[in-house]
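**Student:** 3D, please:
(chains A, B, C and D)
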2 protein chains.
Amino acid sequence: MPAPRQAQIAESPERSTPPAGRNLLFLREEELRLAQDLLFFGYRDFTAGADEILAGMAMGRAHHRVLHFVGRRPGITVGDLLGILAITKQSLGRVLTPLMEDGYVLQTPGRTDRRQRLLALTDKGAALERRLFERQRETVMQAYREAGPAAVEGFRRVMRGLMGDQARTAFDMLEGPPAP
Amino acid sequence: MPAPRQAQIAESPERSTPPAGRNLLFLREEELRLAQDLLFFGYRDFTAGADEILAGMAMGRAHHRVLHFVGRRPGITVGDLLGILAITKQSLGRVLTPLMEDGYVLQTPGRTDRRQRLLALTDKGAALERRLFERQRETVMQAYREAGPAAVEGFRRVMRGLMGDQARTAFDMLEGPPAP
DNA sequence: CGGATCGGTCAATGATACTGACCCAAACGG
DNA sequence: CCGTTTGGGTCAGTATCATTGACCGATCCG
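**Tutor:** Next comes the predicted model:
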């Protein structure tokens, strides 16, 4: 473990006047390795429940992501969905086309721009998305309850901070008004 | 850091009679969808930097995970590594064997049990792991600084809560004493 | 000695992603 | 009105990460 690099004056936003010692240490190497472990284990188990359901239906995580974001923003265009997922058109196609063929997702031409294909969930799609959601809800609820409301707020701030500009923009869009 | 379990009544979805304000709302549907989004975007961008480096070396995320956990626990057995990663022997082999052939990871027979292969990083392996670590450190440091120390503690508690039993055991082992 | 364990390897399969090229149809701009 | 741009779809080929099931050698242990 070489030079722990102490970064004392971290505090740019906040300025939460640390109660004594250990707060200045929070950027040390060990703390960051801890973060790596947390993210690896936590994310893996967060997705595990839904993955199990999906596996039984010849689908994968990518299908879930489409169901999730289309459900979150009914009427989203293919282009906007591509921007959120940050994958290629081809990768999306391999997942979106079957979802439409199997009646989970519905496509309607845009009203103002008829080149656009506006996406929405069918009842069947909404039901599957709901099932996946409920499963993950158990996991997240458990974690939230154990950790408490204050921890949840901290969790949100850190996760948001991990995002790059592109993701942050997409994220803020999603959490914001349902309209633009 | 054992589980502080402070679960105050869950509030069945809806019925949000916020007494002191926003604290009892934190289990509503929208809050959980927010968590899904945070985890998707946050985890993706957390890994993006390292993925970029790895891509230039004909390696992937799985190689990084091996370097990371072997670096974290030098002398770990193949079996224990399999337990941490929760993948199959075959999947590990496809990654571990090339890492050894290319001189990133070193194998030495166990002293007490000579069936075991104790794994450790070579200098070359440690250097690569370091490079990947530094890259992720930038991302995490940025997020930690923006969020502040209190948020970091909350982040940890929530991420740990997302883990299943198996992962939590492995995690506590990793964060605990280096010796067992 | 015999069974269990640790580690490695075979073959086949599937999910997710990539690149680059090419196409149609609709919109837009001079 | 025509040419270009944009939104969307699709072709073929490739890579990584994971799976299952079977089987083997070496070693440990009762």
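
**Student:** how about the residues of chain A near DNA strand C?
**Tutor:** A:54, A:58-63, A:65, A:85-91, A:94-95, A:113-115 (CB under 7 Å from any atom of the strand). Quick note: C-beta positions are derived from backbone N, CA and C, even for glycine.

**Student:** show the buried residues in those residues.
**Tutor:** A:54, A:59, A:62-63, A:65, A:85, A:87, A:95 (16 or more other CB atoms under 10 Å in any protein chain shown).

**Student:** quick one on the thing from earlier: go back to the residues of chain A next to DNA strand C and keep what's next to chain B.
**Tutor:** For chain B, the contacts drawn from the residues of chain A next to DNA strand C by CB under 8 Å from any CB of the partner chain are A:65, A:86.

**Student:** contacting residues around stretch A:62-74?
**Tutor:** The contact list for stretch A:62-74 (CB atoms under 8 Å, 6 or more residues apart in numbering or on different chains) reads A:50, A:54, A:76, A:80-81, A:84-85, A:87, A:91-92, A:94-96, A:98-99, A:104-105, A:119-121, A:125-126, A:128-129, A:132-133, A:174, A:178, B:33, B:36-37, B:40.

**Student:** which residues touch the closest residue to chain B within chain A?
**Tutor:** For chain A, the residue closest to chain B is residue A:154, as judged by CB to the nearest CB, at 2.4 Å. For residue A:154, the contact set (CB under 8 Å, 6+ apart) comprises B:147, B:150-155, B:157-158.

**Student:** could you list the buried residues of the longest helix along chain A?
**Tutor:** Ranked by residue count and defined by DSSP state H, the top helix of chain A is helix A:29-55. Residues of helix A:29-55 classed as buried by neighbour count (16+ other CB under 10 Å): A:31-51, A:53-54.

**Student:** cool, stretch A:68-77 as well?
**Tutor:** A:68-73, A:76-77.

**Student:** do that stretch and DNA strand D meet?
**Tutor:** Yes - counting by CB under 7 Å from any atom of the strand, DNA strand D has neighbours in stretch A:68-77: residue A:77.

**Student:** quick one: average pLDDT of that stretch?
**Tutor:** The average of the pLDDT scores along stretch A:68-77 is 97.

**Student:** format the buried residues of stretch A:68-77 as TSV; extra columns: distance to residue A:141 and secondary structure.
**Tutor:** TSV is the format used below for these (distance: CB to CB, whole Å; DSSP: H, G, I helix; E, B strand; the rest coil):
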residue	distance to residue A:141	secondary structure
A:68	17	helix
A:69	21	helix
A:70	24	helix
A:71	19	helix
A:72	19	helix
A:73	24	coil
A:76	27	strand
A:77	33	strand
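
**Student:** and which of these is nearest DNA strand D?
**Tutor:** residue A:77 (3.5 Å; CB to the nearest atom of the strand).

**Student:** quick one, what contacts the residue nearest to that closest one when sequence neighbours are not counted?
**Tutor:** Sequence neighbours aside, residue A:116 is the residue nearest to residue A:77 in space, at 4.8 Å (criterion: CB to CB, 6 or more residues apart in numbering or on different chains). If a contact means CB under 8 Å, 6+ apart, then residue A:116 has A:77-79, A:109-110 as its contacts.

**Student:** quick check, pLDDT for residue A:43.
**Tutor:** Listed pLDDT for residue A:43 reads 97.

**Student:** strands of chain A, residue ranges please.
**Tutor:** For chain A, applying DSSP state E gives strands covering A:76-77, A:105-109, A:117-121.

**Student:** tell me which of the ones you listed is the most buried.
**Tutor:** strand A:117-121 (a mean of 20; mean count of other CB atoms under 10 Å in any protein chain shown).

**Student:** what sits up against that one?
**Tutor:** Under CB under 8 Å, 6+ apart, the answer for strand A:117-121 is A:67, A:70-71, A:74-78, A:81, A:96, A:104-110, A:129.

**Student:** go again using 7 Å as the cut-off
**Tutor:** Here strand A:117-121 makes contact (CB atoms under 7 Å, 6 or more residues apart in numbering or on different chains) with A:67, A:70-71, A:74-78, A:81, A:104-110, A:129.
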